[in-house]
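Colleague: with the sequence up front, the predicted model follows.
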Amino acid sequence: MGEYTQANDNPRVPFSQRPIIILGAGIIGCATARQLLLNGFPVALVAEYLPGDQNINYASAWAGAAWHAAGGICPEYRYFQAVTHRHLLKMAQEDPESGVCVVDAREYLEQPPGENSSVWGKTVLSNFRHLKAGEFPSNFDTAWAYDTLVTDPTLHMPWLGKQITALGGQFIRKKVESLQELYALFPESTVFINASGVGSKALTDVMDDNCFPERGQNVFLKTENCNQMFFRNGKQYTYIIPRPLSKGVVLGGVKQQDDLSPEVDMEIARDELARTHILAPHIVPEHPAEDTISHIIGIRPSRRGGFRLDSENIGNRTILSAYGFGGGGYAFSYGVADALAKMVERTERESVI
Ligand SMILES: Cc1cc2nc3c(=O)[nH]c(=O)nc-3n(C[C@H](O)[C@H](O)[C@H](O)COP(=O)(O)OP(=O)(O)OC[C@H]3O[C@@H](n4cnc5c(N)ncnc54)[C@H](O)[C@@H]3O)c2cc1C
């Protein structure tokens, strides 16, 4: 009794009353904050950009954002995606203001599906079926149809921000240079979550060299024909992601490593229009009217070797890292949030027992 030898032990404040501090208020930081608040923890988020902001470096404002089963991932990561799907489906069914919708998807594969392909998604998706020859363009090997979920980030991020505030979470707009700076701001806290996306490349005590910015540029086409998703799976990276609640479709895509340009590249835009017209001419006209088109540019927080999700005890603090989600942050978001909440609960258990 009276001995505070364990990591995470703060003699002055019981664990459950020490705010969990999250660096970053993108989809990863915010989904995690919501889950922790629902589980009863006090939470503060510190970030340069907050829900509703539209900076190019704030990836969560610009995502497609489709739930697509990633190929080439381990079973644990598949489960993160499955948990995300469960949460998003509930939002789509119960709260249209969340910006989440169920849409009809067509996935066309250039090659026969490999050993660890995205076909595993059929364990999660509704109405999955193999399309028969004649039901899809003959230049593809295989095609699937299923219902999936799309999240409109222009609605979802503000909605999530409001949920967090209503649950008692606190947003603090601030850019920090290091995690140390964050520790000094919250001397009573012992659990810190680094969800700073590509910011982890520059934080002086993280400096993760595997992180790199990966520019995306999409065309947003205004159209009433916005309930069907198309995804070309193979060497060519082309998709049409519907945004029914914003009456349009997102046309892509492109990935440009280490390119930070905020200017619209019209050559890319023309190429995306051409590719998506071939994929679904009934949605994308060959020459859409200029006033139906706008452009989306965002920097994906990518990481060589995949995203980082782990826990470290450093002195009396626990540091959880959750960054580097590249082009899949929305599809992993609520599953990762659930995993992080469980990691915080394990730390709580160690502190209490
Ligand atoms: C064009 C495009 C299309 C995409 N399509 C899809 C899709 O269809 N499906 C999908 O799942 N994903 C998609 N993505 C990817 C998705 O947007 C990202 O994976 C996701 O948004 C990453 O979220 P995050 O919270 O990790 O990072 P971010 O949203 O970038 O948030 C990082 C947060 O950290 C804060 N921060 C960083 N450094 C500091 C610091 N030093 N001090 C204070 N605050 C700091 C920032 O201010 C921000 O709040 C797409 C991305 C782009 C660009």
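Modeller: On my side now, so go ahead.
Colleague: which one's the longest helix in the chain?
Modeller: Across the chain, the helix with the greatest residue count (assigned by DSSP state H) is helix 329-352.
Colleague: kindly export that helix (C-alpha atoms) in PDB.
Modeller: Extracted in PDB, the C-alpha atoms of helix 329-352 (Å, rounded to 0.1, in the frame of the first residue of the first chain):
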ATOM      1  CA  GLY A 329      -7.800   5.100 -42.800                       C
ATOM      2  CA  TYR A 330     -11.600   5.100 -43.000                       C
ATOM      3  CA  ALA A 331     -11.800   1.400 -43.700                       C
ATOM      4  CA  PHE A 332      -9.700   0.600 -40.600                       C
ATOM      5  CA  SER A 333     -10.900   3.500 -38.400                       C
ATOM      6  CA  TYR A 334     -13.500   2.100 -36.000                       C
ATOM      7  CA  GLY A 335     -11.800  -1.300 -35.700                       C
ATOM      8  CA  VAL A 336      -8.500   0.400 -34.800                       C
ATOM      9  CA  ALA A 337     -10.400   2.600 -32.300                       C
ATOM     10  CA  ASP A 338     -11.900  -0.500 -30.700                       C
ATOM     11  CA  ALA A 339      -8.400  -2.000 -30.500                       C
ATOM     12  CA  LEU A 340      -6.900   1.100 -29.000                       C
ATOM     13  CA  ALA A 341      -9.700   1.300 -26.400                       C
ATOM     14  CA  LYS A 342      -9.000  -2.300 -25.400                       C
ATOM     15  CA  MET A 343      -5.200  -1.400 -25.100                       C
ATOM     16  CA  VAL A 344      -6.200   1.500 -22.800                       C
ATOM     17  CA  GLU A 345      -8.300  -0.800 -20.700                       C
ATOM     18  CA  ARG A 346      -5.400  -3.200 -20.400                       C
ATOM     19  CA  THR A 347      -3.300  -0.400 -19.100                       C
ATOM     20  CA  GLU A 348      -6.100   0.600 -16.700                       C
ATOM     21  CA  ARG A 349      -6.300  -3.000 -15.400                       C
ATOM     22  CA  GLU A 350      -2.500  -3.100 -14.800                       C
ATOM     23  CA  SER A 351      -2.800   0.200 -13.000                       C
ATOM     24  CA  VAL A 352      -5.700  -0.800 -10.800                       C
END
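Colleague: and that helix, what's buried?
Modeller: For helix 329-352, the neighbour count (16 or more other Cβ atoms under 10 Å) marks 329-341, 343-344, 347-348, 351 as buried. No exception for glycine: its C-beta is placed from N, CA and C like everyone else's.
Colleague: helices and strands around it, which ones?
Modeller: If you count contacts as 3 or more Cβ pairs under 8 Å, 6 or more residues apart in numbering; DSSP states H and E, helix 329-352 packs onto helix 27-38, helix 75-94, strand 191-194, strand 308-314, strand 317-323.
Colleague: ok, which of these comes nearest the ligand?
Modeller: helix 27-38 (3.6 Å; Cβ to the nearest ligand atom).
Colleague: could you figure out how far the closest one is turned away from helix 75-94?
Modeller: 70 degrees (axes from the mean of the first three to the mean of the last three Cα atoms, to 10 degrees).
Colleague: run through who's touching helix 27-38.
Modeller: Helix 27-38 is contacted from outside by 20, 22-23, 25, 43, 45, 47, 51, 60, 63, 65, 153, 156-157, 160-161, 163-164, 167-169, 193, 195-197, 322-323, 325, 329-330, 333-334, 336-338, 340-341, 344, using Cβ atoms under 8 Å, 6 or more residues apart in numbering.
Colleague: that older thread, and the longest helix of the chain, how far out from the chain middle?
Modeller: Computed by Cα atoms, centre = their mean, to the nearest Å, the chain-centroid distance of helix 329-352 equals 16 Å.
Colleague: now do the contacts for whichever residue of the stretch 101-250 of the chain sits closest to the ligand.
Modeller: Residue nearest to the ligand within the stretch 101-250 of the chain: Gly199 (2.1 Å; Cβ to the nearest ligand atom). Gly199 makes contact with 23-24, 48, 301, 323, according to Cβ under 8 Å, 6+ apart.
Colleague: am I right that it is in a strand?
Modeller: No. Assigned with DSSP: H, G, I helix; E, B strand; the rest coil, Gly199 falls outside any strand and is helix.
Colleague: from here on, count from 18
Modeller: All right, first residue 18 from here; so that's Gly216.
Colleague: check the gap between it and Pro31 for me.
Modeller: Distance of Gly216 to Pro31, computed by Cβ to Cβ, to the nearest Å: 31 Å.
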